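Trainee: model the following, please.
(2 chains)
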Amino acid sequence: MVYVSLKYFILVAALLIIYYTLPISRRWLGLLAGSLFFYWWAAGRAFPIFLGTIAGSYFFGRYLHVMRERSPNPQKASIKRRLWLCLAILFVALPLILTKHSNFVLQYMLHRTPRSWIVPMGISFYSLQVISYLVDVHAGRTEPQRNILKYALFVSFFPQVIQGPIPRYQNLGFQLYGGNRFDERQFTKGLQMVVWGFFLKFMVADKAGVVVDTVFDNFPAYEGGYVLLAGILYSIQLYADFMACVAISRGVSGLFGISLDSNFLRPYRSKSVKEFWRRWHISLSSWLRDYIYIPLGGSRGGTIARYRNLLLTFAVSGIWHGAGYKYLFWGLLHGVYQVVGDATRPVKDRIYQCLGMPEGSLARDGMQRLGTFFWVMVGWVIFRSRQLKAGLAMVQSMFTIWNPWIFFDDSLFRLGLSWKECMVLLFSILLLAVVERAQERMCVRDWILGQHVIVRWGIYIAAVCAIWVFGTYGIGFDEKDFIYGGF
Amino acid sequence: MKGHGIFLIKGGMFAALLAAVLLVVNEVLVPHYFYDTTYAMTSTYRGFYKMERDSVDVLFLGSSHCVNAFSPQELYDSHGIRSYNLGSEQQNLLVSYYWLKEAFRYQAPRVVVLDVLLCFPYNAEEPLNSAEATVRKAFDVMRWSSVKKEAVEAVCEYDGEQSLSSFFFPNIRFHTRWSGLNESDFTSLEMGRHYEMKGYSLLRNRCNTEDYRPFEAGHEDGKSGMLPLMEEYLDRIVELCREEDAELVLVKTPCILGEVQSAQRYNAVKEFAEANQLAYFDFNEKNLYNEIGLCLSEDSNDGGHLNYWGARKVSRKMAEILDDRYDVGDRKDRQWEDSRLFYEAMVQNAELHDTGDIGQYLDLMAERKGDYTVFMAVKDEASNALNLDILDRLRNLGLETDLTGKYRNSYYAVVSGGRAIEEIGTGKLAKTGSFRNGRCSYEIVSAGYECGNMCSIKINGIEYAKGGRGLNIVVYDNLCKQVVDSVCFDTCEGLAATR
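Mentor: Now for the predicted structure:
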């Protein structure tokens, strides 16, 4: 719960004072000190591993650059340079592989006793961040950072180090080092974003999580319609939870005048799984595209090769999310969705034509969106389940157990949320949908800023009070960490 | 940051406004226990802060047994003792200690009377020997000071489930309360004006149990063990009283605990009291019990807590002891004079609830008809056993319908603020309306034997009618904002009361 804790925001407030009172050219030092302190505070014993990764990758980056400079043909990487790149990537990825995947191999594949590792917080995120930096330096797409302290700030920038979004050096670095002047508008928008993040976390994600946990933790006590409901709610929970984290990260960064990339683009409005992955966890999707899919050959080499590359990329995505067959299956499932979606497109187009649903029609868009959501939701059921076998059984029960009366006989109010809480959740989800719809036409935050001060303050106070009163937090609730913090 | 002064000022103003709104929200969210609840902790503690400085000579501390046993008004009326009862539900010794410490900041009591129930295991599975909610009830009302800070730190130290931040930001603890907010949560300013009971909670049931015998001192050698943490805080209370030059008196109110256990606890406390040169009075001890004419069957609400009639006996005896030993009697104080009317109204509610005599019942209602809203509905038949005396008393209440000879008729009446609405007929009758300026709604239905044979009296959607044959009466006390009694008098035959 680091990013929603009181201590975190006390730290942010203290850092803001330090940041804006330092001379502009020295402001990055304040950020660095704050970022390292934050990581030390949040990660404790894993701090040295984190520092080691920063130091090692810095020197690897420098060396890869030197090798490229000395190379007679910098555009074409020699075997030696490639080997050094592999070594650098291995250096960064090894802790990730060891801490997150070795126990799965030991326990389930080799049937040995698992080991207790110190898992650095955010290792999955900062490892990808550092790998992209190294590859970009190797490929000459970016100049390496000469100052190790500035490089350390790039890796450790506190609002995003634990849960992303995964930044690229080209986009983030210059914002960190130059020092930002206090910008009232950006500062206010940052605060708006933080409040929005709290809304998503406490009013949507954690509230939905109560029902989701009841069903998923007690399967097979709940089957059929319960699984369908929990699947839908988990899809919403995961989205709101991750978006909350990113919103808070972006909001806090905004307070320092730093702009982080958005990680979502209304993914549940996608009309295909392929489009979904262009809208969901964008920083990871683009990372996988740039550093896995394209290096594998991308769409070059014919249909079969493209499909193979897709499956491999999504397998990596699955493995990145965690150790276990269910993650691999989930990743491959999304790969298969896309392969099947691509291969059956002509057939589907013909069916839509026969049904009188031309491209762009409301009915066709609606059906495509509903279908995409459904297949993505099926994937999330497996993703959330305890194990692959249980996940498959849950999906099966969704189709084979007939108990629609649970939606009418108040059974749903016995899943941990009273009817009043359910109403709050429903209202919150609707508000999220309305805001997303509005975002297609305008920037909601700018719209609020354009209102009269009474309206503006009224909106802010109402929002904070609503979260304060109706939010799912505090004593009596299991505090839920951000879901993506566990990946 | 130069040039951003206006922005910062605006930001500061917004932060102040937001903080003020959130303070109000938290005030609503924190549960309030006013005089319309059994244990009016909010009224007790807020009221204590409103007492004139150094006007309280005797303080009572302890569990609900203490809250129900010692009535400051009885002590004042019988011996002129100015006392206040700071007891609370499941008040453990840690809570007693910190409330005593807080009390010394405002008052200089000469005597502190401490109920020892929680020295022994009560909720032993809880870190503080009492439920977390009761600890919160006692401390959430305490004003912020070094004492409260110390108290909540101690609570959090012993109870890992409690969080310091939830005392500073009570919404962390109580934010789920939004779904159960009621009238008193939104009228706390108005409700907070009544603290006339001065910490005493009046119970009005009689347990009618025969399973109680007081123990005889000296017949049992064994000794119960106090909980170490409770004993530690008992020591601290002793020390604090010495520092503040107040006499500490230990008491145990009468309750069903078993003769042996009562005696063993008595022995343990007696030993402690002697070691610390303290007075100790156990009302379960046979001599004392008999001396004041206690009968637990009649004087206890449920076997553990004294009802009004038991509290009256114990309070008056306690007043006598305190006056004799510590010379704290014969004081005159406006604060106790002014509270007498309210107290008597509460006593009258108890008597109303206790009586089975329809004549007395109607008289009691008539005495306070300005405060009561009375609902009456006939089921089956209600005229046969009525006599002139009862009809006169009904008229005193403001009812004009003559029920004589109206065999098996339907009839309802609503008397509110001295004004009566009534209807009689041979068919089924129904009436809906509101009282207390529209804050409460009612639905009343009456059907005589021939036209449905039923009755219903619903207030805010809740059924209160007993549904027996005859005259069903529900009495709502507008002062207490609650139903204080529901009874059915069989006015067809025998006039027996059913509750």
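Trainee: what about the stretch 101-250 of chain B, any weak spots by pLDDT?
Mentor: For the stretch 101-250 of chain B, applying pLDDT under 70 flags no range at all.
Trainee: which strands border the strand or helix carrying residue B:249, and is each parallel or antiparallel?
Mentor: Element membership for residue B:249, per DSSP states H and E: strand B:247-252. Within its sheet, strand B:247-252 is paired with strand B:111-115 (parallel), strand B:279-282 (parallel), according to DSSP bridges.
Trainee: deepest-packed of the ones you listed, please.
Mentor: Of the strands paired with strand B:247-252, the one with the most neighbours on average (mean count of other C-beta atoms under 10 Å in any protein chain shown) is strand B:111-115, at a mean of 25. Using the backbone N, CA and C atoms, a C-beta is placed for each residue, glycine as well.
Trainee: what about that one, distance to the chain center?
Mentor: A distance of 19 Å separates the centroid of the chain from that of strand B:111-115, by C-alpha atoms, centre = their mean, to the nearest Å.
Trainee: so which elements touch the helix or strand that comes right after it?
Mentor: Stepping forward along the backbone from strand B:111-115, the first helix or strand reached (DSSP H and E) is helix B:132-140. Applying 3 or more C-beta pairs under 8 Å, 6 or more residues apart in numbering or on different chains; DSSP states H and E, we find helix B:132-140 packed against helix B:41-50, helix B:93-104, helix B:146-158.
Trainee: give the buried residues for the helix or strand following the last one.
Mentor: So that's helix B:146-158. Using DSSP H and E, the next helix or strand after helix B:146-158 towards the C-terminus is helix B:164-168. Across helix B:164-168, burial judged by 16 or more other C-beta atoms under 10 Å in any protein chain shown covers B:166, B:167.
Trainee: only alpha carbons, please: show helix B:164-168 as PDB.
Mentor: Output in PDB follows, covering the C-alpha atoms of helix B:164-168 (Å, rounded to 0.1, in the frame of the first residue of the first chain):
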ATOM      1  CA  LEU B 164      -2.700   5.200  16.200                       C
ATOM      2  CA  SER B 165      -3.600   6.900  12.900                       C
ATOM      3  CA  SER B 166      -7.200   5.700  13.300                       C
ATOM      4  CA  PHE B 167      -7.500   7.800  16.500                       C
ATOM      5  CA  PHE B 168      -6.200  10.900  14.600                       C
END
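Trainee: what's the nearest residue to the residue nearest to the spatial centre of chain A if we skip its chain neighbours?
Mentor: Nearest to the geometric centre of chain A sits residue A:281, at 4.7 Å (C-alpha atoms, centre = their mean). Leaving out its chain neighbours, the residue that sits closest to residue A:281 by C-beta to C-beta, 6 or more residues apart in numbering or on different chains is residue A:263, at 5.8 Å.
Trainee: how close does that neighbour sit to residue B:273?
Mentor: Between residue A:263 and residue B:273 the distance, using C-beta to C-beta, to the nearest Å, works out to 69 Å.
Trainee: between those two, who's got more neighbours?
Mentor: A count of neighbours by other C-beta atoms under 10 Å in any protein chain shown puts residue A:263 above the other of residue A:263 and residue B:273, at 26 against 18.
Trainee: the one residue in chain B that gets nearest to chain A: which element?
Mentor: Relative to chain A, the nearest point of chain B is residue B:172 (3.9 Å; C-beta to the nearest C-beta). When elements are assigned from DSSP H and E, residue B:172 belongs to helix B:171-174.
Trainee: in contact with the residue in chain A positioned nearest to chain B: list those residues for me.
Mentor: Closest contact between chain A and chain B, by C-beta to the nearest C-beta, is at residue A:474 (3.9 Å). Taking C-beta atoms under 8 Å, 6 or more residues apart in numbering or on different chains, we find residue A:474 in contact with B:166, B:171, B:172, B:173, B:175, B:176.
Trainee: please apply the same query to residue B:12.
Mentor: Here residue B:12 is in contact with no residue (C-beta under 8 Å, 6+ apart).
Trainee: so how far is the helix or strand in which it is found off the chain centroid?
Mentor: Secondary structure here is read from DSSP H and E; on that basis residue B:12 sits in helix B:5-29. In terms of C-alpha atoms, centre = their mean, the centre of helix B:5-29 is found 37 Å from the chain centre.
Trainee: list the buried residues in the helix or strand hosting residue B:335.
Mentor: Assigning secondary structure by DSSP H and E places residue B:335 in helix B:334-337. Under the neighbour-count criterion of 16+ other C-beta under 10 Å, helix B:334-337 has B:335, B:336 buried.
Trainee: give me the packing partners of the next helix or strand after it, helices and strands only.
Mentor: Later in the chain than helix B:334-337, the nearest helix or strand by DSSP H and E is helix B:340-354. For helix B:340-354, the helices and strands in contact under the criterion 3+ C-beta pairs under 8 Å, 6+ apart are helix B:72-79, helix B:358-367, strand B:470-477, strand B:482-489.
Trainee: list the buried residues of the second one.
Mentor: Looking back up the chat, that one is helix B:358-367. Here helix B:358-367 shows B:358, B:361, B:362, B:364, B:365, B:366 as buried, counting by 16+ other C-beta under 10 Å.
Trainee: now distance to residue B:402 too, for the residues you listed, in a markdown table please.
Mentor: Conversion of the buried residues of helix B:358-367 to a markdown table gives the following (distance: C-beta to C-beta, whole Å):
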| residue | distance to residue B:402 |
| --- | --- |
| B:358 | 17 |
| B:361 | 20 |
| B:362 | 15 |
| B:364 | 23 |
| B:365 | 19 |
| B:366 | 18 |
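Trainee: residue B:254: which of these is nearest?
Mentor: For the buried residues of helix B:358-367, the residue nearest residue B:254 by C-beta to C-beta is residue B:364; the value is 27.5 Å.
Trainee: which residues sit in contact with that closest one?
Mentor: Residues in contact with residue B:364, defined by C-beta under 8 Å, 6+ apart, are B:348, B:351, B:352, B:355.
Trainee: for the last one, what are its contacts?
Mentor: So that's residue B:355. For residue B:355, the contacting residues are B:361, B:364, B:497, by C-beta under 8 Å, 6+ apart.
Trainee: what about the residue of chain B closest to chain A, neighbour count?
Mentor: Residues near residue B:172, counting by other C-beta under 10 Å, number 18.
Trainee: right, and it touches residue B:166 too?
Mentor: Yes: with contact defined as C-beta atoms under 8 Å, residue B:172 reaches residue B:166; the gap is 4.0 Å.
Trainee: what touches both of those two?
Mentor: Where contact means C-beta under 8 Å, 6+ apart, the residues bridging residue B:172 and residue B:166 through contact with each are A:474, A:475.
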